[in-house]
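> Structure here, sequence nowhere to be found:
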């Protein structure tokens, strides 16, 4: 029975090539659009593992050191994070990683 269905489908495909092309293209394009939309919505609305316990997460991205005549602002170093963040009370787990550099800004000289 399945063999007969396949034979009929092949005969129709060979008889109406342009209509078959349009139908297959439309079905494929619709599936691609639906998959991309689903992936985008999943990325926006579904939490990924680091974000599932956001109320228990602390991020330290910048450090500032100020004196009477000078100030230093920048990324906290490993020594600072190791000394002060690892010793925070009631900390279950600590992860230290270097900051990512998204781009480079060049100033004219």
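Cool, the structure landed. If you're wondering where the values come from, they're calculated on a predicted model, not measured in any experiment.

> Verify the stated contact: residue 62 with residue 80.
No. Counting by C-beta atoms under 8 Å, residue 62 sits too far from residue 80 to count as a contact (11.5 Å). All C-beta spots, glycine's among them, are computed from the backbone N, C-alpha and C.

> So for the two, which residue has more residues nearby?
residue 80 (13 against 9; other C-beta atoms under 10 Å).

> Which helix or strand contains the more buried one?
helix 78-80 (DSSP states H and E).

> And for residue 57, the neighbour number?
Residue 57 has 10 nearby residues by other C-beta under 10 Å.

> if I look at it, how far off is residue 73?
Distance, residue 57 to residue 73, by C-beta to C-beta, to the nearest Å: 23 Å.

> Repeat that for residue 15.
73 Å.

> go on, residue 64?
Applying C-beta to C-beta to residue 64 and residue 73 gives a distance of 5 Å.

> What of residue 85?
On the measure of C-beta to C-beta, residue 85 and residue 73 end up 18 Å apart.

> Next: residue 87.
24 Å.

> Likewise for residue 28?
Relative to residue 73, and taking C-beta to C-beta, residue 28 is found at 52 Å.

> Pull the number of nearby residues for residue 87.
Counted with other C-beta under 10 Å, residue 87 comes out at 9.

> Spatially central residue in the chain, please.
residue 43 (6.9 Å; C-alpha atoms, centre = their mean).

> Could you give me the buried positions within the longest helix seen in the chain?
For the chain, the helix with the greatest residue count under DSSP state H is helix 17-45. For helix 17-45, the neighbour count (16 or more other C-beta atoms under 10 Å) marks no residue as buried.

> try stretch 78-94
For stretch 78-94, by 16+ other C-beta under 10 Å, it's residue 81.

> which outside residues touch that stretch?
Outside stretch 78-94, the residues that touch it by C-beta atoms under 8 Å, 6 or more residues apart in numbering are 56, 58, 60, 63, 96.

> any idea which of these is closest to residue 39?
Set against residue 39, the nearest of the contacts of stretch 78-94 by C-beta to C-beta is residue 56 (27.7 Å).

> How confident was the prediction at the closest residue to that closest one other than its chain neighbours?
Closest residue to residue 56 apart from its sequence neighbours, by C-beta to C-beta, 6 or more residues apart in numbering: residue 92 at 8.0 Å. Residue 92 carries a pLDDT value of 83.
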